[in-house]
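A.B. asks: sequence unknown, structure follows:
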């Protein structure tokens, strides 16, 4: 993060919608919430949120991003 903080030409575009949708919406497509938590997606989401908060605090430019076209993250559901 120190390097990102010093570089004004760089931006971060995290794709955390996939983590959120995997934890909350993927069960309808056959991937149970329990499995998502078991493999560590909740911990990964928590770490991403902490990292994004730190980036915001440091003034690092963060743009919305996402991973789409999975069964539980179809295009058009994020606007």
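C.D. replies: Yep, it's here. Since the structure is predicted, the reported quantities are computational estimates derived from the model, not experimental observations. Numbering: from 1, shown residues only.

A.B. asks: mean confidence for the helix ranked longest in the chain?
C.D. replies: In the chain, ranked by residue count with DSSP state H as the criterion, the top helix is helix 41-58. Averaged over helix 41-58, pLDDT sits at 94.

A.B. asks: Pull out the buried positions in it.
C.D. replies: 41, 45, 51, 55 (16 or more other C-beta atoms under 10 Å). Heads up, the C-betas are built off the backbone N, CA and C, glycines and all.

A.B. asks: Export these to JSON lines and append columns for distance to residue 71.
C.D. replies: Shown next, in JSON lines, are the buried residues of helix 41-58 (distance: C-beta to C-beta, whole Å):
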{"residue": "41", "distance to residue 71": "16"}
{"residue": "45", "distance to residue 71": "19"}
{"residue": "51", "distance to residue 71": "27"}
{"residue": "55", "distance to residue 71": "30"}
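
A.B. asks: Next, name the residue at the spatial heart of this structure.
C.D. replies: Most central residue of the chain, judged by C-alpha distance to the mean C-alpha position with C-alpha atoms, centre = their mean, is residue 16 at 1.0 Å.

A.B. asks: For the residue nearest to that residue when sequence neighbours are not counted, give me its contacts.
C.D. replies: Closest residue to residue 16 apart from its sequence neighbours, by C-beta to C-beta, 6 or more residues apart in numbering: residue 48 at 5.0 Å. By C-beta atoms under 8 Å, 6 or more residues apart in numbering, the residues touching residue 48 are 14, 16, 19.

A.B. asks: tally of neighbours for residue 21?
C.D. replies: Using other C-beta atoms under 10 Å, residue 21 has 22 neighbouring residues.

A.B. asks: Can you name every helix or strand that the one helix or strand it maps to contacts?
C.D. replies: Per DSSP states H and E: residue 21 is located in helix 17-24. Under the contact definition 3 or more C-beta pairs under 8 Å, 6 or more residues apart in numbering; DSSP states H and E, helix 17-24 sits against helix 33-38, helix 41-58.
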